[in-house]
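In: task: produce atomic coordinates for the following.
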Amino acid sequence: MFTDEDKEDSYNTAMREQLKRSALDRLDPHFQQTDLVIAANRADLHTYLPDDLLVKVDGATMAHGLEARSPLLDHVMVEWAAGISPRVRMAHGVTKALFKSAMAPYLPAELLHRPKMGFSCPVDQ
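Out: Coordinates of the predicted model:
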């Protein structure tokens, strides 16, 4: 963690201009929607995926001469999914409700309904 003074001392003029705004300001355009589910999905699709998750996967796979594909990010699939009603996406308050329902015949229930685990990349290594 860097203090504000550390940042001020080490950043150039262009970067100091960025310090005047909150990083959360980048999310504002995506939350112009009235529906929170659609807004959150748009924000993730335009910020978290390309600026964080996909960068980590790309770096980790390239380091080992691998090429990763994210089949659920195929543009046709994403465009189709974006048109699904938020009520269907979050049926009964369950995230990924439609996906879980579609995968139920193929995956064990304990896998589909377990708590989110996340995945940390060893970026320090």
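In: and the helices in the protein?
Out: Counting by DSSP state H, the chain has these helices, from start to end: 4-10, 13-19, 36-43, 54-62, 75-82, 86-89, 97-103, 109-112.
In: show me what the second one is packed against.
Out: Applying 3 or more CB pairs under 8 Å, 6 or more residues apart in numbering; DSSP states H and E, we find helix 13-19 packed against helix 4-10. Using the backbone N, CA and C atoms, a C-beta is placed for each residue, glycine as well.
In: what's the pLDDT at Pro86?
Out: Here, the pLDDT recorded for Pro86 equals 87.
In: how close does it get to Leu49?
Out: 19 Å (CB to CB, to the nearest Å).
In: try Leu112
Out: On the measure of CB to CB, Leu112 and Leu49 end up 22 Å apart.
In: got the domain ranges for this protein?
Out: What automatic domain parsing lists as the domains of the chain is 14-72, 84-115.
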